[in-house]
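**Student:** Sequence and predicted structure are below.
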Amino acid sequence: MVLFSLLISFDGLAQEQQLIAASQAEASAIFFDVASPSVPVIAPGAFKDAGECEVRGGLPSFFAKAKSGKPLRIAYLGGSITRSNLMYRLQSAKFIQSMFPAVEIKGINAGISGTDADLGACRLHEQVLQYQPDLLFIEFAVNGGFVQGVEGIIRQTKKYNKNIDICLIYTVTSKQLIEYEQGQIPSGIQKLDSIARHYALPSVHMAKEAAGLLKAGKLIEKGDPAKVTGKIIFSQDGVHPLPAGGDLYASAMARALLKIQAAKTIKMKSLPKPLHGDNWEDAKMLSPIEVAKFSEGWRKEDTDAAGFKNYKEWFPYLMIADKAGDTFSFTFQGSMFGFFDIGGPEAGQLDMLVDGKSVKLSKKGTNLYKIIDGSGEQLNRFNAFCNNRYRGQFLCIELKEGLHTVTFKISDEIPDKEKILGKNQLKDIKAHPDRYNRSVIYLGKILIRGKQI
């Protein structure tokens with residue numbers, strides 16, 4: 001069998017990858033306090049750049065409802081920069097509250113670290129739409145900016161409720177920040193902005209001010225605050241802004257909101273034709289027992305009882321099995337399947353059959369793959385980040401549109417976990433070999449594009 005796995009040691013991983021992975025240790029609470037006294041008050045500042053915010057159709061429904069004094073809900077959908085505190089979300093939400101001090105506002109945190117708009121499109125209904133937001137911010141620029149996923153999020157949202165306003169926001173890596181400093185817009189962000197333009201949605205280039213400060217020699221895009229003085233350190237790892245960087249992001253959003261509020265805005269009369277015919281508007285995240293058939297070796301456990309309380313916001317329960325040969329299968333009509341699970345020291349690997357045949361995969365994105373000619377794939381749910389910790393992880397696999405039956409079976413082969421961890425991560429595996437000498441699968445959700453059968 002071909003081993004389909006992250007066979008790179010932890011030693012060789014970039015620092016930003018390590019930090020992204022480490023931050024996937026738990027799910028955040030869905031609702032957060034918009035007016036928290038511990039969050040600094042952000043001012044728009046004096047920075048001016050006509051291209052920082054494109055108003056387009058604006059946020060007409062949101063501002064009309066705010067003006068009426070009715071309660072508001074603001075949702076943030078994105079990766080680790082959205083999930084984390086003081087990287088822009090809390091500051092920007094508090095600024096919106098300051099714009100409408102008499103209005104009750106609730107914040108929705110739908111940020112999951114290290115994820116792109118593929119999983120975002122799948123989890124949109126469960127983690128955002130069912131809570132009836134009035135405004136949705138979408139942030140995926142640093143995690144790949146999967147355009148078909150972003151367009152799918154937009155189309156799902158507008159089909160669910162045309163009055164939910166949407167704004168695309170573009171955070172940056174240190175490389176992208178340098179591109180802005182050089183007067184360029186990163187190519188991935190250009191692609192995202194073409195979608196915003198197509199749907200007449202506002203967008204915010206959140207790093208414009210930081211780029212100006214970088215050019216003026218007042219900011220460093222990546223550095224250690226303990227070693228640099230007299231300048232703003234935007235981030236320490238090249239991805240996640242430090243509080244000063246987060247404040248710059250939030251100030252950009254504050255300026256954008258004031259600009260949009262003052263502009264003439266237009267409600268979307270009808271949803272235009274898709275810009276990308278293969279967009280993910282049909283993506284779904286489904287409960288396993290409602291979709292799949294499980295062999296007798298599987299058991300359903302409440303997430304708390306299974307020892308995974310930190311993941312309750314994602315998975316109300318888990319399907320768990322640990323014996324070679326245990327299977328689960330499901331049938332769907334569509335063009336993508338996958339799952340959202342938990343990895344850890346005891347995680348194993350799965351053999352996979354699609355329509356009764358063994359298949360081979362080719363990588364398309366960080367967690368996105370497609371089926372190609374060949375056979376013998378194994379899906380390894382243990383990776384270099386599973387040393388003495390647990391993390392949420394997912395997998396999406398594209399295939400030709402049609403009616404498909406997918407079967408997964410726990411393999412009788414245990415991955416070479418020492419090789420995967422690398423020489424600098426062997427302390428725990430040497431101390432607790434029984435934890436690693438297992439093949440456990442913790443299944444939380446089924447992912448598809450299409451319809452369940």
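**Tutor:** Cool, got the structure. Numbers count the residues shown, from 1 in each chain.
**Student:** C-alpha from now on. contacts and neighbour counts both.
**Tutor:** OK.
**Student:** quick one: the strands in the stretch 301-450 of the chain?
**Tutor:** Along the stretch 301-450 of the chain, counting by DSSP state E, counting those that start in this stretch, strands occupy 317-321, 327-343, 349-354, 357-358, 360-363, 368-372, 377-380, 391-410, 441-452.
**Student:** Out of the ones you listed, flag the one nearest K417.
**Tutor:** K417 lies closest to strand 377-380 among the strands of the stretch 301-450 of the chain, at 10.4 Å (Cα to Cα).
**Student:** Show me what the mean pLDDT comes to for that closest one.
**Tutor:** Mean pLDDT, computed over strand 377-380, is 92.
**Student:** centroid residue for the protein?
**Tutor:** In the chain, the residue lying closest to the centroid (Cα atoms, centre = their mean) is T115, at 3.3 Å.
**Student:** Find the residue closest to that residue in space, skipping its chain neighbours.
**Tutor:** Using Cα to Cα, 6 or more residues apart in numbering and skipping the chain neighbours, the partner closest in space to T115 is G79 (5.4 Å).
**Student:** quick revisit: Three-state assignment for the residue nearest to the centre of the chain, please.
**Tutor:** At T115, secondary structure determined by DSSP: H, G, I helix; E, B strand; the rest coil is coil.
**Student:** got a pLDDT number for it?
**Tutor:** Per-residue confidence (pLDDT) for T115: 92.
**Student:** Distance of it relative to E139?
**Tutor:** 10 Å (Cα to Cα, to the nearest Å).
**Student:** what's the answer for K48, then?
**Tutor:** Between K48 and E139 the distance, using Cα to Cα, works out to 22 Å.
**Student:** Now do the phi/psi pair for K159.
**Tutor:** phi -70, psi -30 (degrees, to the nearest 10).
**Student:** So what's the residue count around it?
**Tutor:** Using other Cα atoms under 10 Å, K159 has 14 other residues around it.
**Student:** quick one on the thing from earlier: want to throw the strands of the stretch 301-450 of the chain into JSON lines with distance to Y131 and mean neighbour count?
**Tutor:** Listed next are the strands of the stretch 301-450 of the chain as JSON lines, based on distance: least, Cα to Cα, whole Å; neighbours: other Cα atoms under 10 Å:
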{"stretch": "strand 317-321", "distance to Y131": "20", "mean neighbour count": "23"}
{"stretch": "strand 327-343", "distance to Y131": "21", "mean neighbour count": "21"}
{"stretch": "strand 349-354", "distance to Y131": "35", "mean neighbour count": "23"}
{"stretch": "strand 357-358", "distance to Y131": "40", "mean neighbour count": "14"}
{"stretch": "strand 360-363", "distance to Y131": "34", "mean neighbour count": "16"}
{"stretch": "strand 368-372", "distance to Y131": "28", "mean neighbour count": "17"}
{"stretch": "strand 377-380", "distance to Y131": "34", "mean neighbour count": "22"}
{"stretch": "strand 391-410", "distance to Y131": "22", "mean neighbour count": "19"}
{"stretch": "strand 441-452", "distance to Y131": "19", "mean neighbour count": "23"}
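**Student:** Among those, which comes closest to L90?
**Tutor:** Of all the strands of the stretch 301-450 of the chain, strand 391-410 sits nearest to L90, with 23.2 Å by Cα to Cα.
**Student:** For the closest one, which strands pair with it and how are they oriented?
**Tutor:** Applying DSSP bridges to the sheet, strand 391-410 is found paired with strand 327-343 (antiparallel), strand 349-354 (antiparallel), strand 368-372 (parallel).
**Student:** Could you list the residues in contact with the last one?
**Tutor:** The reference is to strand 368-372. With contact meaning Cα atoms under 8 Å, 6 or more residues apart in numbering, strand 368-372 is reached by 118, 359-364, 395-399.
**Student:** repeat for stretch 287-300
**Tutor:** 317-323, 326-331, 443-446, 452-453.
**Student:** Can you check my assumption that G120 lies in a strand?
**Tutor:** No: under three-state DSSP, G120 sits outside any strand and is assigned helix.
**Student:** Distance of it relative to G79?
**Tutor:** 9 Å.
**Student:** Contact partners for L353?
**Tutor:** L353 neighbours (Cα under 8 Å, 6+ apart): 359, 406-408.
**Student:** which one of the contacts of strand 368-372 sits closest to Q425?
**Tutor:** Checking the contacts of strand 368-372 one by one against Q425 (Cα to Cα), the nearest turns out to be L395, at 24.5 Å.
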